[in-house]
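make a model of this:
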Amino acid sequence: MHQKLTAKMGKFLKIAFFFVVGILLIWWSMHQIPDQEWDKFKIALKHSKFWIIVPVFFILGLSHLLRALRWRLIMEPLGYKPGVWNTFLAVLIGYLANLAIPRLGEVLKCTLLAKYEKVPAEKIVGTIVAERAFDVISLGIVFLLALGLQFNVIEAGWHQLQAQAGSQDAHTTAHPNYLLIIGSICIVIILVGFFIFKHKLQNTLSKIKLIIKGIWEGVISATKLKKHNLFFFYSFGIWFMYLFATYIGLYGTEGTASSFATAISCLAYASIGMIITPGGIGAYAYFMAKVLELNGIDYTLGLANGTLQWFSQFLIVLVLGGLSLILLPIINRQKN
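Below you'll find the model as predicted:
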């Protein structure tokens, strides 16, 4: 009973933590806008080209369809070939669930296929690991492209970060009490966390090993696919659609239109933002703004564009996910 309660508390605190991180990043993003720049931010959003959501809607919709087709392909070696519509709608509902609780969508889409396609959920959970493994590899390739195409920009950003850290160190040294308070709070949090999640901490290393093993097995599973070329086509298509949507989105606000190389860097860092907070709340727009700032675009305008692009993606998931929730049982009722 105590273990179950601790596990539930752990899950709740984990979700709450990521939401708090997102909210703090929103506050931090806004805090960096000088008082005299607020009007510029509001005007940039007010005069945004909201019609740009329409092409982005179809581009991202196509990327989700390609993801569903790739997932079906990964399931084939297991002897399962669920319907395209059911797989597509399950993927969209999964994205919708992830907005609320991170990774809930991965479990939910397996459960939905198990219900409507009679595919054992426990058998296809491994295919999710394979999918995520290739997403990690794909994101790594995007980062390498960004590094190759914008090395000088990223290097300048690194030097800027070091300079900010140096000035922060000087500020902290000048205020030792500030350092003492922060250090004390960190120690308390670590001690409380240790006593609450002691049993989880003991398994951390084994979990990391399992994750690495799962990623490796996911990579190896692709070698068992009969249609390798189709698999790589779907994978390329998914990430190209992400890139194309980001590139078009840069034209959504005045003064933020940029090159494909800049769009690649935006995609790389904004993807990290989508990972660290639920639905990318706060983090997506902030990372977009910082990348655009390094490319010579005003931070305030970059944040406005990042906010617009995040809102577009949020709206698309909300609309398509909501429609999928309605359509999935209707389509399967007609089958029966």
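
so where do the helices sit in the stretch 51-200 of the chain?
For the stretch 51-200 of the chain, the helices defined by DSSP state H, counting those that start in this stretch cover 53-75, 84-100, 104-117, 121-149, 151-174, 176-196, 198-202.

contacting residues for the residue nearest to G94 when sequence neighbours are not counted?
Spatial nearest neighbour of G94, excluding adjacent residues (CB to CB, 6 or more residues apart in numbering): G105 at 3.2 Å. C-beta: built from backbone N, CA, C; applies to glycine. The contact partners of G105, by CB atoms under 8 Å, 6 or more residues apart in numbering, come to I93, G94, Y95, L96, A97, N98.

so who does the fifth one touch?
Yep, that's A97 we're talking about. A97 makes contact with L104, G105, L108, G321 under the criterion CB under 8 Å, 6+ apart.

cool, the third one as well?
For Y95, the set of contacting residues under the criterion of CB under 8 Å, 6+ apart consists of H64, G105, V317, L320, G321.

how about the fourth one: what's its closest non-neighbour residue?
Going back to what we said before, that points to L320. Using CB to CB, 6+ apart, the closest residue to L320 is L92 (4.8 Å).

can you count the residues close to the one you found?
Neighbour count for L92, taken as other CB atoms under 10 Å: 28.

surely F41 meets A304?
Yes: between F41 and A304 a contact is recorded at 5.5 Å, counting by CB atoms under 8 Å.

so for the two, which sits in the more crowded spot?
Neighbour totals were compared for F41 and A304, and A304 leads with 30 against 18 (other CB under 10 Å).

hmm, the more buried one is touching S48, no?
Yes: the pair formed by A304 and S48 meets the contact definition of CB under 8 Å, at 7.2 Å.

name the residues contacting each of the two.
Counting by CB under 8 Å, 6+ apart, the residues touching both A304 and S48 are T253.

for the chain, give me the ranges with low pLDDT.
1-40, 157-223, 334-336 (pLDDT under 70).

number of nearby residues for N229?
A total of 8 residues lie near N229 under the criterion other CB under 10 Å.

pull the most distant pair out of the contacts of Y95.
G105 and L320 (12.8 Å; CB to CB).

residues shared between the contacts of the two?
Residues touching both G105 and L320 by CB under 8 Å, 6+ apart: Y95, L96.

so what's the residue nearest to L320 up against?
Applying CB under 8 Å, 6+ apart, the residues near L92 are H64, V317, L320, G321, L323, S324.

please, which helix or strand holds the third one?
Assigned by DSSP states H and E, L320 belongs to helix 299-335.

can you give me the buried ones in that helix?
For helix 299-335, a neighbour-count test (16 or more other CB atoms under 10 Å) marks 299-313, 316-317, 320-321, 324, 328, 332 as buried.

could you find the closest non-adjacent residue to H47?
Distances taken as CB to CB, 6+ apart put E254 closest to H47, at 6.3 Å, once the chain neighbours are dropped.

correction: W239
Computed as CB to CB, 6+ apart, the closest residue to W239 that is not its neighbour in sequence is S138, at 5.1 Å.
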